[in-house]
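K.L.:
How does the following fold in three dimensions:
(chains A, B, C, D, E, F, G, H, I, J, K and L)
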There are 12 protein chains.
Amino acid sequence: MARSVIYILNGPNLNLLGVREPEVYGHATLESIEEMCKIRAESLGQEIVFRQTNTEGTLIDWVHEANTKARALVLNAAGYSHTSVALHDALKAISIPKIELHISNIHARETFRHKSMVSPVVTGLICGFGTDGYVMALDAAARLIEKSPNKK
Amino acid sequence: MARSVIYILNGPNLNLLGVREPEVYGHATLESIEEMCKIRAESLGQEIVFRQTNTEGTLIDWVHEANTKARALVLNAAGYSHTSVALHDALKAISIPKIELHISNIHARETFRHKSMVSPVVTGLICGFGTDGYVMALDAAARLIEKSPNKK
Amino acid sequence: MARSVIYILNGPNLNLLGVREPEVYGHATLESIEEMCKIRAESLGQEIVFRQTNTEGTLIDWVHEANTKARALVLNAAGYSHTSVALHDALKAISIPKIELHISNIHARETFRHKSMVSPVVTGLICGFGTDGYVMALDAAARLIEKSPNKK
Amino acid sequence: MARSVIYILNGPNLNLLGVREPEVYGHATLESIEEMCKIRAESLGQEIVFRQTNTEGTLIDWVHEANTKARALVLNAAGYSHTSVALHDALKAISIPKIELHISNIHARETFRHKSMVSPVVTGLICGFGTDGYVMALDAAARLIEKSPNKK
Amino acid sequence: MARSVIYILNGPNLNLLGVREPEVYGHATLESIEEMCKIRAESLGQEIVFRQTNTEGTLIDWVHEANTKARALVLNAAGYSHTSVALHDALKAISIPKIELHISNIHARETFRHKSMVSPVVTGLICGFGTDGYVMALDAAARLIEKSPNKK
Amino acid sequence: MARSVIYILNGPNLNLLGVREPEVYGHATLESIEEMCKIRAESLGQEIVFRQTNTEGTLIDWVHEANTKARALVLNAAGYSHTSVALHDALKAISIPKIELHISNIHARETFRHKSMVSPVVTGLICGFGTDGYVMALDAAARLIEKSPNKK
Amino acid sequence: MARSVIYILNGPNLNLLGVREPEVYGHATLESIEEMCKIRAESLGQEIVFRQTNTEGTLIDWVHEANTKARALVLNAAGYSHTSVALHDALKAISIPKIELHISNIHARETFRHKSMVSPVVTGLICGFGTDGYVMALDAAARLIEKSPNKK
Amino acid sequence: MARSVIYILNGPNLNLLGVREPEVYGHATLESIEEMCKIRAESLGQEIVFRQTNTEGTLIDWVHEANTKARALVLNAAGYSHTSVALHDALKAISIPKIELHISNIHARETFRHKSMVSPVVTGLICGFGTDGYVMALDAAARLIEKSPNKK
Amino acid sequence: MARSVIYILNGPNLNLLGVREPEVYGHATLESIEEMCKIRAESLGQEIVFRQTNTEGTLIDWVHEANTKARALVLNAAGYSHTSVALHDALKAISIPKIELHISNIHARETFRHKSMVSPVVTGLICGFGTDGYVMALDAAARLIEKSPNKK
Amino acid sequence: MARSVIYILNGPNLNLLGVREPEVYGHATLESIEEMCKIRAESLGQEIVFRQTNTEGTLIDWVHEANTKARALVLNAAGYSHTSVALHDALKAISIPKIELHISNIHARETFRHKSMVSPVVTGLICGFGTDGYVMALDAAARLIEKSPNKK
Amino acid sequence: MARSVIYILNGPNLNLLGVREPEVYGHATLESIEEMCKIRAESLGQEIVFRQTNTEGTLIDWVHEANTKARALVLNAAGYSHTSVALHDALKAISIPKIELHISNIHARETFRHKSMVSPVVTGLICGFGTDGYVMALDAAARLIEKSPNKK
Amino acid sequence: MARSVIYILNGPNLNLLGVREPEVYGHATLESIEEMCKIRAESLGQEIVFRQTNTEGTLIDWVHEANTKARALVLNAAGYSHTSVALHDALKAISIPKIELHISNIHARETFRHKSMVSPVVTGLICGFGTDGYVMALDAAARLIEKSPNKK
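P.N.:
Next up is the predicted model:
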């Protein structure tokens, strides 16, 4: 089978991973996570596009792009998860499998992190497993691609 | 009378029109709507500037620009309508007639779409008439320009 | 094409138009609005039935009547918009195009005017354009009649 | 035993029964329900007064009338159930057995239908059994009349 | 000074006064209250128009009428006090002194009686003094007429 | 027609009927109600299974059992009605007619009894008729069985 | 009949009357109101004790004192009206007639002034009549004393 | 390395899997899921204990048992997730890694399913991946066991 | 005087006392508390029945049993305190003195522990005194038994 | 061991004990309670300071004083319990054991009495045991003094 | 320029500064802060009046006094900030510049400290800068005095 | 001492200062404020970086940049203050002193401006002092830099 592409998009402040609140988010940097994801994708016979931005509109642009270029999307929308109707709409508008990812357990933190505008429009969600969540999400994405009708 | 300019600004995900949830938003693309608006504006003796962006900050930049370059503003802020205090402030800060536009009937959808931060600071609002709403908004804008004291 | 009928129904206190809070509702009386609507309807090749009542039950009776006698309904339910489940049910029960109309921008006023029980069951809504809204609603009604399958 | 009278009062939009949303309210018309109620009342040795109005005030007038002319009241207040303090007061003011009736299961529908201002001041309530609810209410009314001290 | 007219309008269920929950509303009938009001008005050099209705729309009609025929309004809107935006608008639209009246202390009863839509648009309010409240309201109305510029 | 089975399930504290708050629940014991139900079922050509438990899980077990052994279910879930998502799910999962029953009028009592998690997933509900409600529920169950396609 | 005493107690900031927000509270000073009350009491054959304090505890002390020294209480608790459970308890504990008084219409002002902790435990309340309210309260107090059994 | 035990506990109504709402929960039965889990555990060098109960208390008993007999816990608490403080306390009291699992995406369903009392006290959560979630949870559990200090 | 029996019932997770969050609940085990209670009861001339369960229904069964076998009840309902309407009803249904007990200060913990469904239907409540609370509850129970009319 | 001092502070309206709502608070006066406390303290080898005030600020002054002069504090803050952030802060600032006391069961009364601002910052709380609560609080205070490190 | 007076008023528990929760409020005592303020005022050519009280009424008395004796007010109302309508009214009633001051960042603490009744009626607010806030407030007060028209 | 850098970041619509609602924000332009800040910084021996953007993501980028390039941050996040979790996270992630600044008193304006997502994660906040607030913030920043350990 030809390789297919999985988009892994990261939202605001994730560029600070490893530096910001390590007791919450761990010591791995976003670069090391990207590396880990590449290796896993390789072993799953997939290719990844891995990006980070602090701008909500750019995240939406990339979600749109994923729909035409990728067969699955992994999204760690960070702070925008909790407030963005625009991101909700972007995800609702695309048809590939979508996985919501959080490094920390958002339900064990402040109340304003308990609600996610992203959750109602994703296929599934993974949270609280630290950076291992990225690997779990990739595994799940590969499985969902397998099940979904051929597209790209 | 010399022609005057009307800004028609479109917010997040409207670039997907015709593709995204056609049962809600219809089959017209944003390009075809722009075309339709140009023709109507022509017949009203007006000129239009028609744009779309997924970024809240860009939308605000354009709202500011409209205040100096246009005599009326038509705004379909989409997902940012429901959450953006910043957009609310931008609209409050400008003095030309402002029309809020929604393609679908936002009150017949999810609860989080019922409140609009944009509504309290516009002149009037039109929603639920599908893409015809753009024509209605242009007609209304022309009428409001006629009534307002000459400016640009 | 034969003329078709559009019902324009006005709810409580609209008989005071021109007298009541002119800084909010303008100086036009309901009679002058009816006159303006007749002229516009004429030019659209439509006929209108134009009425006002202060009684919720009468408004509901007329909504029912509209369904059998008219091809579209324009409703300015005024104060009943915000509280009436019965009116909501009446509108939901009828199949012709329905347009909600407000003279003032209800979202720029007291909180209890922000929610409308009527909105979720109309085709579209127009608010904040002053008495011009009646003309906009007639234009929209004519367009909706044209699109809907022949009925009466 | 001499026959006694039971009032069956129907609120807004119930005149449209059989036409309005048949998937929710069924295909029986209000006339056929009245017929069915007459037959049942006959077999229970009772007489009925069966009416419908879209006006809240008329409904209240009839509730008052029931108190002097009937020995039990069956009330399907429809849309007024959810908002009317005035109806609540009318029912609280009368001393005959009172039965609240809804054709559909109001708790399986929109949130604003879950609360009834009528419920706290009735003897009992029946909902969700379709038009059979009228027969159930008559049976219950007959049983309650039997138990209550002779009055009219 | 020529006599001036004071409208005393009574809302739903007040026709049952003396019968309905006498431990809350006392034993006086509405007729005896009217009689008492006439005598007091006489001694104040005023004339009264005293009416009752169960219909919200009729109450609104009368409020409008009061504005042209009376120099002050006393309103016991009963159950409609707590829900009616339409009545709120009617009162806001008229310019004579307006007094809200409740026989019982609404704040010592159910929660849904604590909020009055009428209160924010009246001159003053009197509640809890039983039927004596009618006399107090007349006294206050006379005093307010005296202070307001001559009108009718 | 062969007899069919109706399950009548009673939740927590109903074993205390006749003892607990007789001014609310009456003087009949659960045993006497079972007896009354048997007689009525007999006359309706039905058989009943009548049980009571204080344990939520057992109630759920029995709801599951009803789905395979009975043609209708009458459920007085008492205190679990107001809180149990698990019971809601159990009822949603079964396909036979389901009737919710309350002896007292739950809407005339404490606020926490006004919401029922059971209501949105039953066919119909009966409340406030005292122990007569059991007879009414059996009558309704028999009628619903008659209408539903043969199954067991 | 021997004279009886009426306590008129004034809460926080009322010492500033005539100075503080005259567009809300009028231009009369507390001294002139006391004077006016004395004259009215005289004509009613009553005596008054008229006091003001900014301290909640002192207000409570005086409410207790009123119960043993006076036959009625008029209380303008100002800002403490909206928050004081302690004052609520003090009023509930005393048995003489109690009248709540507000100079301005508290329902036409900020939301936090709409709820009064004092209202549920007074005999009646008067608000919005400006400083005339003091006279109305005295009249009402005299009437209530007349009706209540002799005590002091 | 010696095998370690993972507890997989299933709450109310999961015994109906494959039967209950298959469009939400899929067609797999709980038995087939157990089978699938055994095979996966085998391949991960783990052993599983797989159970289901409809009783909250039994679920709590098993959570306690897991703490002494297992090295990780996978919990699909179904309906009890949303209401059970007792289950929350049980999970908080145990020290092994804990994974919350939901077959459906609970955030795309009714509001009362959006809050989970279980989430704040688990290590991580997986939801919306259908029955594949069980495999993902086992993988995650194995990884967490590996990272946690040796215990049983 | 003959000895009388006091039931001391413990709810979910209390079997873990001494192990679970010792910084909140202390180091005493439930067995040592039972021992301590026996000694105290002895000195008070009372007998105790001391039990623990994780099942809500069993707790209700025991509450019923207490009513016939004991002269007072001490209940530490733990997690069920905050959610159980069924337990509330069980306590309301019994007539012996009832004491609610919490080891920790529930008001100094998470918000969902601040409300207790048990509190409104007990005689008194003791919380925050650690395991000493059991002794205090026994002392109070003995005092309440002494005051209540002889029963068992 | 030398005697140590326990402060027993009583808030607003408790000076009326024995007079105010005896069905809620019993017939004992505050003087008789002080007497009872002195006797109990004597037997516990403690000394008491027993005071009452209606002023929030005085209560706070005394709480501060207790911290330097006493080894434990018993506080019945009455109406201030439910609203006072200032009292909350005073208690949080002192380091001796603190016991909250209520004579009546505040959870069986009005909603506004269910929340106590005092509870989160006390060691323990006792409520609903009538005036016996004072004795229970003294016993508990003595026990807490014994356990706490020597201070004064 | 002649010296002008600035009032610095401190509310409940601030007398404990340096002792109470030093990790929140720092180690400086109120005396040392007064000293620091005097020095700063001197250098600004101002005079200060520096006071503390635990009584809400006294704080209000002093706010009134400030209006006649000072040209600016600095207020650290501590616990009364969050609840006092009376203090809100006192500040609204005075015309000199008013500065709200908090030592700690109240928005980083408990929810009940996030809302301040004082904030809407002050000129400006300073919070979170520790005891340095007093100096900042004095600087700001001096600047505001300079800008305001000469008064005392 | 070598100069250190202070970042002054301005959010959406602040580029319109001097033009937008001058009665709220004053007549100074952002350029004149920058000039004023430079002069003040100079006199404090500091350097400033002064920027404005309408894009949330850019504001976050700059907050990150400040952490590596500056020793303190002054942030006027304008409309994003009230909604941005992403900005909250960015501020939480950086370790230099952070000052929140608002030109107007946000607590004296619309309710949606009362809550700031920024406040809980800043060192201190200054609001309501007009453009003078920038100078106050610079003074405070200098003082905080002095106190914090040397870093850049």
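
K.L.:
Show me the contact partners of the helix or strand bottoming out on mean pLDDT in chain A.
P.N.:
Evaluated with mean pLDDT, DSSP states H and E, the helix-and-strand set of chain A has its lowest mean pLDDT in helix A:22-25, which scores a mean of 77. Helix A:22-25 is touched from outside by A:17-18, A:103-104, A:109, A:130, with contacts defined as CB atoms under 8 Å, 6 or more residues apart in numbering or on different chains. Quick note: C-beta positions are derived from backbone N, CA and C, even for glycine.

K.L.:
please redo it, this time with the cut-off set to 6 Å
P.N.:
Under the contact criterion CB atoms under 6 Å, 6 or more residues apart in numbering or on different chains, helix A:22-25 has outside partners A:17, A:103-104.

K.L.:
cool, stretch A:139-152 as well?
P.N.:
Contacting residues not belonging to stretch A:139-152 are listed as A:4, A:6, A:44, A:46, A:71-72, A:74, A:97, A:99, H:129, H:132 [CB under 6 Å, 6+ apart].

K.L.:
would JSON lines of those residues with pLDDT and distance to I:T53 be doable?
P.N.:
Shown next, in JSON lines, are these (pLDDT from 0 to 100; distance: CB to CB, whole Å):
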{"residue": "A:S4", "pLDDT": "92", "distance to I:T53": "54"}
{"residue": "A:I6", "pLDDT": "98", "distance to I:T53": "49"}
{"residue": "A:L44", "pLDDT": "96", "distance to I:T53": "48"}
{"residue": "A:Q46", "pLDDT": "96", "distance to I:T53": "51"}
{"residue": "A:R71", "pLDDT": "97", "distance to I:T53": "52"}
{"residue": "A:A72", "pLDDT": "98", "distance to I:T53": "47"}
{"residue": "A:V74", "pLDDT": "98", "distance to I:T53": "44"}
{"residue": "A:P97", "pLDDT": "97", "distance to I:T53": "45"}
{"residue": "A:I99", "pLDDT": "98", "distance to I:T53": "41"}
{"residue": "H:F129", "pLDDT": "97", "distance to I:T53": "35"}
{"residue": "H:D132", "pLDDT": "96", "distance to I:T53": "36"}
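
K.L.:
Strands - which of those land there?
P.N.:
Judged by DSSP state E, the contacts of stretch A:139-152 include A:4, A:6, A:46, A:72, A:74, A:99 as members of strands.

K.L.:
Quick check: the residue of chain A nearest chain D.
P.N.:
A:P120 (17.4 Å; CB to the nearest CB).

K.L.:
Just put the contacts of helix A:22-25 in JSON lines and tack on distance to chain E.
P.N.:
Rendered in JSON lines, the data for these read as follows (distance: CB to the nearest CB, whole Å):
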{"residue": "A:L17", "distance to chain E": "50"}
{"residue": "A:I103", "distance to chain E": "45"}
{"residue": "A:S104", "distance to chain E": "41"}
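
K.L.:
Let me know the distance separating the residue most central in space within chain A from A:K98.
P.N.:
Central residue of chain A (CA atoms, centre = their mean): A:L75, 2.1 Å from the mean position. For A:L75, the distance to A:K98 (CB to CB, to the nearest Å) stands at 7 Å.
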